[in-house]
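> Please work out how this folds:
(2 chains)
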Amino acid sequence: MNRRTALAGSIAAAVALLASACTGSGGSATGADAEAPDDPSQVKGSITVLTHRTDLVQDGTMKKYAAEFNKTYPGVTVKFEGLTDYEGEVKIRMNTENYGDVLMIPAVIEKKDYPKFFASLGTRKERSAEYRFTDYSTVDGKVYGQSPIGVVPGFVYNKKVWARAGVTDWPTTPAEFLDALKAVKAKTGAVPYYTNFKDMWPLTQWTNVNGSVSCDTKATTKLAEGDPWAEGADLRVGDTLLYDIVRGGLAEKDPTTTNWEASKPRLAKGEIATMWLGSWAVVQMRDAAKQAGADPADIGFMPFPAQKNGVFCAVASPDYQQAVNVNSDNKQAARAWIDWFTDKSGYAEANLALSPLKDAPLPDILTPYQEAGVKLLDLDDSKGAEVKSIDNSSEVGIFKPDYRQELVDLARGARKGSLDDHLAGLGERWAEARDALGS
Amino acid sequence: MTDTTRKAARPDVPAAPLAPGRTEPAARRTRRRARVTPWLFLAVPLALLLTFTYAPIANMVAYSFTDWDGVSPELNWTGAENYTELLTRSELFEVFLVSGYYLVASVVQIVLALYFATVLSFDARFRNFFKGVLFFPYLINGVAIGFVFLYFFQDGGTLDSVLRLLGVESDHAWLGTPFSANTSLAGVSVWRYLGLNFVLFLGAIQSIPGELYEAAEIDGASRWQQFRYIIAPGIRPVLSLSVILSVSGSLSVFEIPYIMTGGATGTETFVIQTVKLAFQFNKTGLASAAAVVLLLIVLAVTWVQRRIVPDEKVDLV
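Predicted coordinates:
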């Protein structure tokens, strides 16, 4: 009996030791800078780049970028680590010091913690003159990340199907958009809109409507300070459109068993007419069209159906932002990679995406935007961190799929209640969380 | 479990008499070695058990008293705040209603398993084949099952095709409404776990001495009477174990609904909700508290159950 208690005691002690050893990381290097090297040939070292683009690591594209990079920086060895579940894996690794030298900032990291995890790339003042999206990673005037591409939200649609339905001009109001979808349903037999409900993340894209309706660069600040679901607010307009699409039977028959990969060729072939995604999806759809034997030129891209003073607005937002690990031993080399990848790699062009350089020309897919006079908007993200905190604290999840899944369920009658009550309830929770956080 | 391993791991001390020339200390050394040896054998499994089971649990309990968000190097001690929040937010416990579907399903599952185990314990044709068929789903990975059944329930998927072959035109979205979705998911869960219950019951039934059946048959007992008076009392301990497993299983359903619906359309279970709290809303502290509460609920339910149905010694003969 005695021996058993002694054993239990030692187990408890060991467990307590383990528990205290596993929690938290040092964060001793807080506030370091990753300065750009003066002489490229002098930079030496080996860096590891963590990336979510496993496809580019596997098909060797990343190696080609590295080879190109080595022409300017011969002393640097670049290794890549492609992570399929990028968010999940990197989040856990960030409890240690070992999370590569260059990485994409995971969405889960709070902005105020950036200085603890990443080395600064410079002040906001000097970087914002040249680059887009500096706001998104600025803490106390210092910038911690840079997105290599920019994306613009919008509807990806099959031009041929829409033309067959007799709609050639972009709808300018949600009501016109609904009429267009109705015409698609009546005249073509295609699924007018596909929600991708089961795969969840496509539904989160609807939050990117923010800014497109009001055409206000302060749209994010309004989220933090006002009610996102007030009458006429951006998110409410977007959510109401989604609700009306599903309510009107203009979406797929059974949203609960959708399939993203299968939806791409279906859109390319004209079985699906429209999806709300972003400019990044156009490339994938065109590839799917090529594989399915359809015409890639049929894939079109249009802005959210809302105009301010007769002009469409579209928000340019960053993709994952590259940052330097604050614990890295080769910060100069890491910084050199980020600069080269952002400025010279041609990654943005290869992805038909918006370049992060302010003076770069617009990509091909956005030329129709240029012709139609769509205004490209850079949102002020100084309140971005607050919005995220309120979002997490309230458990509303405007960047998470649940709330729109509930909206779709509501619209198709699988959940009881009215849209107004639902959105009012969200607004209430939002306000409560904001008050609780004291901002 | 531990007791049997310990017994098995402890080597028998040689009972041979001491050799004449051997000194006293040597004998003591042997005895000491005999005392240490079982621990040497146990060291590896114990280390694994501590590192991968108890340490994470201790960590989880520790986190449940903090406001940790899962990544930040900073975490503040908040005392019992997470628990207060949990217990004052009744909507967090509404998800247990979903467990009701799985509870009903596990009754069906146990009855079916019992039926098949009884039938297949008698001489039936293709006995082993059917045993394999019934047990097979349990061997498949839960995630794979989720994906397979997603296709099964799809609009125009396997289930719809099979129904069409049978002449039933169905246009039902199987995962479309909360009732239909939960029933479908609970059905998948029955399909998956039936095999485990079945094997447990079969093992228990086969451990009942054969002469009892013979004697019963000579006395003219029917199959039903054999089941009622020999098999049912004979497998009672295993039956009560199965019930405990089903109840705690129903309270902590996760894989199948998480893969298939992600908790959408009213299929969210307590564990899915906990995962979302931890990994979507970065409330690792609160989620840890929720996990601790779930553990306590399962323990309490088990305790109550053991109180109501005590584990009696069964004596058939």
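> use CA for all of it now, contacts and neighbours both
Fine.
> of all the residues in chain B, which ones are close to chain A?
Counting by CA under 8 Å from any CA of the partner chain, the residues of chain B lying close to chain A are B:50, B:54-56, B:58-59, B:62, B:70-75, B:150-151, B:153-155, B:173, B:175-178, B:261-262, B:264-265, B:277, B:280-283.
> Show the buried residues in these.
Buried members of the residues of chain B next to chain A, scored by 16 or more other CA atoms under 10 Å in any protein chain shown, are B:50, B:54-56, B:58-59, B:62, B:70-73, B:75, B:150-151, B:153-155, B:173, B:175-178, B:261-262, B:264-265, B:277, B:280-283.
> Which segments of chain B make up each domain?
In terms of domains, chain B is parsed into B:24-63, B:90-308 (source: automatic domain parsing).
> could the ones you listed be laid out in TSV, adding distance to A:Glu432?
Putting the domains of chain B into TSV (distance: least, CA to CA, whole Å) gives the following:
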stretch	distance to A:Glu432
domain B:24-63	25
domain B:90-308	16
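> Indicate which one of those domains is closest to A:Glu87.
Of all the domains of chain B, it is domain B:90-308 that lies closest to A:Glu87, at 10.0 Å by CA to CA.
> still on that earlier bit, quick one: closest of the domains of chain B to A:Ala289.
Ranking the domains of chain B by proximity to A:Ala289 (CA to CA) places domain B:90-308 first, at 23.8 Å.
> Quote the end-to-end distance of that closest one.
End-to-end distance for domain B:90-308: 28 Å, by CA to CA, to the nearest Å.
> pLDDT averaged over it, what's the number?
Taken as a whole, domain B:90-308 has an average pLDDT of 90.
> Report pLDDT for A:Gln274.
You called it Gln, but residue A:274 is Thr. 96.
> Assess the claim that A:Ser120 and A:Gly141 are in contact.
No: taking contacts as CA atoms under 8 Å, A:Ser120 lies outside contact range of A:Gly141: 10.1 Å.
> Which one's more surrounded, those two?
Set side by side, A:Ser120 and A:Gly141 show more neighbours around A:Ser120, with 26 against 12, by other CA atoms under 10 Å in any protein chain shown.
> so what's the more buried one bridging to?
In this entry, A:Ser120 is beta-bridged to A:Asp33, by DSSP bridges.
> Please name the residues that touch it.
Contacts for A:Ser120 were tallied using CA atoms under 8 Å, 6 or more residues apart in numbering or on different chains; they are A:Gly31, A:Ala32, A:Asp33, A:Ala34, A:Lys142, A:Val143, A:Tyr144, A:Gly145, A:Val324.
> gap between it and chain B?
A:Ser120 sits 18 Å away from chain B when distances are taken as CA to the nearest CA, to the nearest Å.
> gap between that residue and B:Ser180?
Between A:Ser120 and B:Ser180 the distance, using CA to CA, works out to 52 Å.
> Secondary structure element for the residue nearest the centre of chain B, which one?
Chain B has B:Leu245 as the residue nearest its centroid, 4.8 Å off, counting by CA atoms, centre = their mean. Using DSSP states H and E, B:Leu245 sits within helix B:236-251.
> tell me what that helix is packed against?
Applying 3 or more CA pairs under 8 Å, 6 or more residues apart in numbering or on different chains; DSSP states H and E, we find helix B:236-251 packed against helix B:96-121, helix B:178-206, helix B:284-308.
> can we see that at 7 Å?
If you count contacts as 3 or more CA pairs under 7 Å, 6 or more residues apart in numbering or on different chains; DSSP states H and E, helix B:236-251 packs onto helix B:96-121, helix B:178-206.
> For chain B, give me its nearest residue in the stretch 201-350 of chain A.
Closest residue of the stretch 201-350 of chain A to chain B, CA to the nearest CA: A:Thr257 (5.4 Å).
> contacting residues around A:Phe301?
A:Gly154, A:Phe155, A:Val156, A:Tyr157 (CA atoms under 7 Å, 6 or more residues apart in numbering or on different chains).
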